[in-house]
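Peer 1: Need coordinates for the following:
(one chain, ligands or ions: 1)
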Amino acid sequence: MTKCPCLQRSDILSQKCLLRWIFDKVACACTSYVLTSRKIPKPLVMDIGLYIHIPFCKSRCLYCDFYSTTCNESLYDTYLKAVLLEITMRLCLDRKVRIGTIYMGGGTPSCLGGKRIADMLDYICNMLDVAEGAEITVEANPDDVTPELVGHLVRAGVNRVSLGAQTFDDQMLALLNRRHSAQQTLQAVRWLNEGGIWNVSLDLIYGLPGQTLAAFEYDVHEVLSTHVPHVSAYSLMVEEGTPLARRVARGELTPADDDLSRAMFERMLDILESEHFEQYEISNFAQFGHRSQHNSSYWKGVPYVGIGPGAHSFDGRNRRFNLPDLQAYFKNPARPPHEVEELTPMERANEAVMVSLRTKEGLHLGAFQDVHGCAAFQYVMREAEPLLQQKLLQQTDGRLSLTREGIFVSDMVMSKLMQV
Ligand code: SF4
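Peer 2: Have a look, this model is predicted:
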């Protein structure tokens, strides 16, 4: 086996070599070591998710409160290097983990362009232990998708793309300050499919200002016309500090009321169900074999590492948040400013209730008792009793899950089961 030239040891790669690889983008003398070292048997390896936040958007949408910035392209290369440095420092020397899924989200990852995305993924796949056939998802704005971008994604191993369609009403898209048209969404799906990416997800928003039930039904049917195997649908939220919130406060816009939003959601459930989509999470629908593996691991409590400003991580016990500050991130990407939230046993039990009840499988009661103890289990069972009687919850095969009725009041149901 090749030894690291800096440390002259066969089991550790020096940071100096790794950083040379990143910044010079030339073959580091250690690269062959890294590649060969991946063959060393690992006694106990845990699969984790890798999330990479791309905090750039070409314009800001009316309703959005995610951390992203509109900036010129001159920062993109600097950001790429910073992200690779954070990945190196946090993951390259950890031989106890394997990357089970990769998710590039934002912001708008596609605005980086295909070459940068491919460079980033090449680096990750060369430097980290990435599981064979790992799901690699990139979020994209429909108007960024071109045959050239698709070519880069396919060559880099991307096998899933999530497109922010939101609606197929061009006037509504303009009102939301989205920068694409309905036609561009349809074309983007065609180009992805032609390039070999069939695992495409479309995002929809319902309850938009002035949107009718019929208009939303049209959106759902447009999604079906593309034959994508996955749909995510979210109710419009009026988040504080957004342009939408200001326009709602001035009385210029009125989102759909609760009854109409619920009618839209129910209609969508019926249509998607009839087309063999399974509602595997409150807001996510997939045809057989097309659940998002990365997002599913969040709901199963699988650890994940979030890279980039504003990204969250979870090590199975505690949470970590990189601060949403791009300039601060650039100053020290090797150790970006962050906060760690140490969860108490009660908070961990509450977290388990909250994330698992979002899923079709629900809360596995036996596993919950084993991990979180008898007192937490008894609390949940006691609080669940009236909700079972009201048919907001159901208990089957040792699992507690939301009924269709319960999905509409899921926040209330979850809060009742969470210890205070
Ligand atoms: S593209 Fe996405 S992240 Fe960017 S402003 Fe719009 S909704 Fe927010």
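Peer 1: When you work out contacts or count neighbours from here on, use the C-alpha atoms and nothing else.
Peer 2: Noted.
Peer 1: residues from the chain in reach of the ligand?
Peer 2: Contact residues (CA under 6 Å from any ligand atom) of the chain with the ligand: 57, 60, 61, 64, 66, 106, 107, 108.
Peer 1: among those residues, which one has the lowest pLDDT?
Peer 2: Minimum pLDDT for the residues of the chain next to the ligand is recorded at residue 66 (86).
Peer 1: List the contacts of residue 176.
Peer 2: Going by CA atoms under 8 Å, 6 or more residues apart in numbering, residue 176 touches 61, 62, 63.
Peer 1: correct me, but the last one touches residue 235?
Peer 2: This means residue 63. No - if you go by CA atoms under 8 Å, residue 63 and residue 235 don't touch, sitting 11.3 Å apart.
Peer 1: low pLDDT regions in this structure?
Peer 2: Where the chain drops to pLDDT under 70, the residues are 1-43.
Peer 1: can you list the domains in it?
Peer 2: 42-298, 345-420 (automatic domain parsing).
Peer 1: Just name the most buried of these.
Peer 2: The highest average neighbour count among the domains of the chain, using mean count of other CA atoms under 10 Å, belongs to domain 42-298 at a mean of 18.
Peer 1: hmm, back to that, how about JSON lines for the domains of the chain, with distance to residue 306 added?
Peer 2: JSON lines is the format used below for these (distance: least, CA to CA, whole Å):
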{"stretch": "domain 42-298", "distance to residue 306": "5"}
{"stretch": "domain 345-420", "distance to residue 306": "18"}
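Peer 1: Out of these, flag the one nearest residue 338.
Peer 2: domain 42-298 (12.3 Å; CA to CA).
Peer 1: now that closest one: how far from the chain's centre is it?
Peer 2: 8 Å (CA atoms, centre = their mean, to the nearest Å).
Peer 1: now residue 83, what's its secondary structure?
Peer 2: helix (DSSP: H, G, I helix; E, B strand; the rest coil).
Peer 1: go on, residue 152?
Peer 2: Note that with three-state DSSP, the state of residue 152 is helix.
Peer 1: where's it relative to the ligand, distance?
Peer 2: Separation of residue 152 from the ligand (CA to the nearest ligand atom, to the nearest Å) stands at 21 Å.
Peer 1: Can you list the residue ranges for strands in the stretch 201-350 of the chain?
Peer 2: 230-235, 278-281, 284-286, 304-307, 312-314, 318-322, 338-342 (DSSP state E, counting those that start in this stretch).
Peer 1: any chance of those strands in CSV, plus distance to residue 264?
Peer 2: Shown next, in CSV, are the strands of the stretch 201-350 of the chain (distance: least, CA to CA, whole Å):
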stretch, distance to residue 264
strand 230-235, 9
strand 278-281, 15
strand 284-286, 15
strand 304-307, 33
strand 312-314, 32
strand 318-322, 34
strand 338-342, 37
